[in-house]
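Peer 1: Predicted structure and sequence below. I'll ask about it afterward.
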Protein chains: 2
Amino acid sequence: MWEFSTDRPIYLQLMDRLQLRIVNGTYQPGDKLPSVRELAQEASVNPNTIQKALSELERSGILYTQRTNGRFITEDAAMIDKLKSQLAEEQLVEFLKKMKDFGYEPKDIITLIEKHSQETAAD
Amino acid sequence: MWEFSTDRPIYLQLMDRLQLRIVNGTYQPGDKLPSVRELAQEASVNPNTIQKALSELERSGILYTQRTNGRFITEDAAMIDKLKSQLAEEQLVEFLKKMKDFGYEPKDIITLIEKHSQETAAD
DNA sequence: ATGATTGTATTAGATACTTAATACAGCGCT
DNA sequence: AGCGCTGTATTAAGTATCTAATACAATCAT
């Protein structure tokens, strides 16, 4: 199921998750996406909202539309890889900034991560 | 100046920043906060919006109100420290989750951070 | 050719957020 | 007593988001 936070527009959250499915390979280059109506049903959301998310995503070029046939992932695998690194880099920078505001420098953060990955490895 | 992203309610962003000022020591335990009207002017925002952010923050206990006198930071420094670690932990968990979705494991992330902190240290 | 499916467009209504303009009660200072 | 500050409340208006209910044109499979 799809769960949405209430403190951010749904269409933005949809963009994030669809983008994720593209960069992590759930949708492969050249794949046909589920239709607007299918995705709407899967996410329990209005088709208009899916439409808005997808048409926004299209501006970056990882999707393209065949007007009466459906939407497809780009065949350009390099573009997808690039997008993936770019998104990860954005996450990293944003995270480092926030942590620095809290007073954590990179070395402190690495310590935190090491500690954290030990703890979760104990499962 | 205060800048706000358009993709998230302003009062939530205000909560984040005010909380930050508390945990990073800009506002000290026991300090009197600027008045609703002052903060509104500083952030170029309606007083109602500040009021909403502050009254939400109050529920966590780091603030308290003297009805006709003003708002004050809690004197409980331990509570503030605890809040700080808690907020940092939340950021970390959220970040690790997102990165994992992209296919990055903790060791990969540590590499990224090291690389990143070398680059920015070159400034 | 027909019917189902595709993306897209439009209209209307509900809700949340934000601003603006006021107003009020209580406290402190002069 | 009066003035200015405090948080708080109310009302109205504008905007963005989301849903619902349709509708249409083009494509594809049968």
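Peer 2: All right, it came through fine. Please read all numbers here as calculations on a predicted model, not as lab measurements.

Peer 1: quick one: buried residues of the host helix or strand of A:Lys100?
Peer 2: If you go by DSSP states H and E, A:Lys100 is part of helix A:77-102. In terms of neighbour count (16 or more other Cβ atoms under 10 Å in any protein chain shown), helix A:77-102 has its buried residues at A:Ile80, A:Leu83, A:Lys84, A:Leu87, A:Ala88, A:Gln91, A:Leu92, A:Phe95, A:Leu96, A:Lys98, A:Met99, A:Asp101. Backbone N, C-alpha and C define where each C-beta goes, glycine included.

Peer 1: In chain A, where is pLDDT below threshold?
Peer 2: For chain A, the stretches with pLDDT under 70 are A:122-123.

Peer 1: ok, which residues in it are in contact with DNA strand C?
Peer 2: Contact residues, chain A versus DNA strand C (Cβ under 7 Å from any atom of the strand): A:7, A:33-38, A:47-48, A:51, A:54-55, A:65, A:67-71.

Peer 1: out of those, who's near chain B?
Peer 2: Contacts with chain B within these, as defined by Cβ under 8 Å from any Cβ of the partner chain: A:Asp7.

Peer 1: Buried members of the residues of chain A next to DNA strand C into ChimeraX, please.
Peer 2: This is how ChimeraX selects the buried members of the residues of chain A next to DNA strand C, with burial counted by 16+ other Cβ under 10 Å:
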select /A:33,36,54,71
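
Peer 1: Let's see which of the residues of chain A next to DNA strand C end up in helices.
Peer 2: Using DSSP state H, the subset of these located in helices is A:Val36, A:Arg37, A:Glu38, A:Pro47, A:Asn48, A:Gln51, A:Leu54, A:Ser55.

Peer 1: gap between the fourth one and chain B?
Peer 2: Note on A:Pro47: its distance to chain B, by Cβ to the nearest Cβ, to the nearest Å, is 22 Å.

Peer 1: Please give the element, helix or strand, for the residue nearest to that residue when sequence neighbours are not counted.
Peer 2: Take A:Pro47 and drop its neighbours on the chain: the residue closest to it by Cβ to Cβ, 6 or more residues apart in numbering or on different chains is A:Ala40, 4.2 Å away. Taking DSSP H and E as the definition, A:Ala40 sits inside helix A:36-42.
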